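Visitor: pasting the sequence and the predicted model now:
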Amino acid sequence: MSEPGEINEDEVSPAVGNVAAILDQVVTLAIAITIALAIRHFIVEPFRIPSGSMYPTLLVGDHLFVNKLSYGPRIPFTEIRLPGLREPRRGDVIVFEVARPLDKNGQRVIKPVDRAPAGAATEDFVKRLIGLPGDKIILKNGRVYVNGELLHTFSDGEIFNDEGRALAVEYEDLGDCRHAILDDPRPSRLDHGTWVVEPGRYFMVGDNRDNSNDSRAWGTVRLADFKGPAFILYWSWDVNGNMLSFFNPVNWFTAEKRWGRVFQRVRCDVAEPAAG
């Protein structure tokens, strides 16, 4: 028999013991979920490539991590950003939010988040940063000029799309950043235009230049809507579906796996000085 004020474990009912065990498991699970959400929001976040707008740099079915620390993570439910490790650089491949409001015909359109109606649905995009605040961007015959300077490009062969049409693979130098782009030789409305990047905003363009819905069509993006730069691929396969497709066992047996892309970093090559 236990002394006054002491609890004899033999006298604790099995029901109370079961409740305590369940509560212990619930608390452990809650802590684990909180840590996972904190890592996702403040450190790294996964992202899936759903379209070919960044081909040949990123392929449909690529899965990558976004570095949330680079530009500073945003405090949840606010537009306040914590200090980042660095400022966005020309050439960065960045995941960011855009708004998808409904137009007068009930169709989803794309707008910068701060220039869309309040409460509009949002979606994550991935593009390359080519224009910093204050830059003047000119496209002429498919070539890009930044502040009056033509970006150096050179050819690296061609590929054929699903329609059998030849597309030129080129490399473009954005300062010290050399990266691949895809050029459709057919005339395009995206081949021409002049834009001046507003203060505090950035001009985003896809590497698949003639098949990318980007700042040329709907405008610039503010830093507050940046999630961070893409920095490493953790998985890649030929599957164009939502994140749930990753857990579909059929895909693991039937889809083409791109093993050579797994754990590749998303980064620029170092541009060499142009000859002459």
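Guide: Perfect, I can see it now.

Visitor: name the residues that touch the helix or strand containing residue 250?
Guide: Here residue 250, judged by DSSP states H and E, is contained in helix 249-254. Residues from elsewhere that reach helix 249-254 (Cβ atoms under 8 Å, 6 or more residues apart in numbering): 237, 239, 241, 245. Just so you know, the C-beta spots here come from the backbone N, C-alpha and C atoms, and that holds for glycine as well.

Visitor: quick check: next helix or strand after it?
Guide: Using DSSP H and E, the helix or strand that follows helix 249-254 towards the C-terminus is strand 269-270.

Visitor: what's the spacing between residue 255 and residue 249?
Guide: Per Cβ to Cβ, to the nearest Å, residue 255 is found 11 Å from residue 249.

Visitor: now do the strands in the stretch 51-200 of the chain.
Guide: With DSSP state E, counting those that start in this stretch, the ranges of strands along the stretch 51-200 of the chain come out as 62-67, 93-99, 122-131, 136-140, 143-146, 149-150, 153-160, 166-174, 177-183, 193-196.

Visitor: of those, which shows the lowest average pLDDT?
Guide: Mean pLDDT is lowest for strand 153-160 out of the strands of the stretch 51-200 of the chain, coming in at a mean of 86.

Visitor: helices or strands next to it in the packing?
Guide: For strand 153-160, the packing partners by 3 or more Cβ pairs under 8 Å, 6 or more residues apart in numbering; DSSP states H and E come out as strand 166-174, strand 177-183.

Visitor: could you check the angle strand 177-183 makes with it?
Guide: 40 degrees (axes from the mean of the first three to the mean of the last three Cα atoms, to 10 degrees).

Visitor: just the helices and strands packed on strand 153-160: most buried one?
Guide: When the helices and strands packed on strand 153-160 are scored by mean count of other Cβ atoms under 10 Å, the highest mean neighbour count falls to strand 177-183 (a mean of 21).

Visitor: check contacts around residue 140.
Guide: 191, 192.

Visitor: got it, and residue 134?
Guide: Applying Cβ under 8 Å, 6+ apart to residue 134 gives the contacts 196, 197, 199.

Visitor: got it, and residue 195?
Guide: Applying Cβ under 8 Å, 6+ apart, we find residue 195 in contact with 131, 136, 137, 138, 203, 215, 216, 220.

Visitor: next one: residue 220
Guide: Taking Cβ under 8 Å, 6+ apart, we find residue 220 in contact with 112, 131, 195, 197, 198, 201, 202, 203, 204.

Visitor: which residue is the nearest non-sequential neighbour of it?
Guide: Leaving aside its sequence neighbours, residue 220 sits nearest to residue 201 (Cβ to Cβ, 6 or more residues apart in numbering; 3.9 Å).

Visitor: so what's the residue count around the one you found?
Guide: Number of residues near residue 201 (other Cβ atoms under 10 Å) recorded here: 20.

Visitor: these two touch, right, it and residue 226?
Guide: No. Using Cβ atoms under 8 Å, residue 201 makes no contact with residue 226, being 10.8 Å away.

Visitor: what's in contact with stretch 141-159?
Guide: Stretch 141-159 has contacts (Cβ under 8 Å, 6+ apart) with 56, 90, 130-131, 135-139, 166-174, 180-183, 188, 191-192, 209-210, 271, 274.

Visitor: mind saving the C-alpha coords of that stretch as PDB?
Guide: The C-alpha coordinates for stretch 141-159 follow below in PDB (Å, rounded to 0.1, in the frame of the first residue of the first chain):
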ATOM      1  CA  ASN A 141      14.300  39.700 -83.200                       C
ATOM      2  CA  GLY A 142      14.500  37.300 -80.300                       C
ATOM      3  CA  ARG A 143      17.700  38.800 -78.900                       C
ATOM      4  CA  VAL A 144      17.900  40.400 -75.400                       C
ATOM      5  CA  TYR A 145      19.500  43.700 -74.600                       C
ATOM      6  CA  VAL A 146      20.000  44.700 -71.000                       C
ATOM      7  CA  ASN A 147      20.700  48.400 -70.500                       C
ATOM      8  CA  GLY A 148      21.600  48.800 -74.100                       C
ATOM      9  CA  GLU A 149      24.000  45.800 -74.100                       C
ATOM     10  CA  LEU A 150      23.300  42.800 -76.300                       C
ATOM     11  CA  LEU A 151      23.600  39.600 -74.300                       C
ATOM     12  CA  HIS A 152      26.200  37.300 -75.800                       C
ATOM     13  CA  THR A 153      24.800  34.000 -77.200                       C
ATOM     14  CA  PHE A 154      26.200  31.000 -79.100                       C
ATOM     15  CA  SER A 155      24.600  28.000 -80.700                       C
ATOM     16  CA  ASP A 156      24.900  24.500 -79.300                       C
ATOM     17  CA  GLY A 157      22.900  22.500 -81.900                       C
ATOM     18  CA  GLU A 158      19.200  21.800 -82.100                       C
ATOM     19  CA  ILE A 159      16.500  19.500 -80.800                       C
END
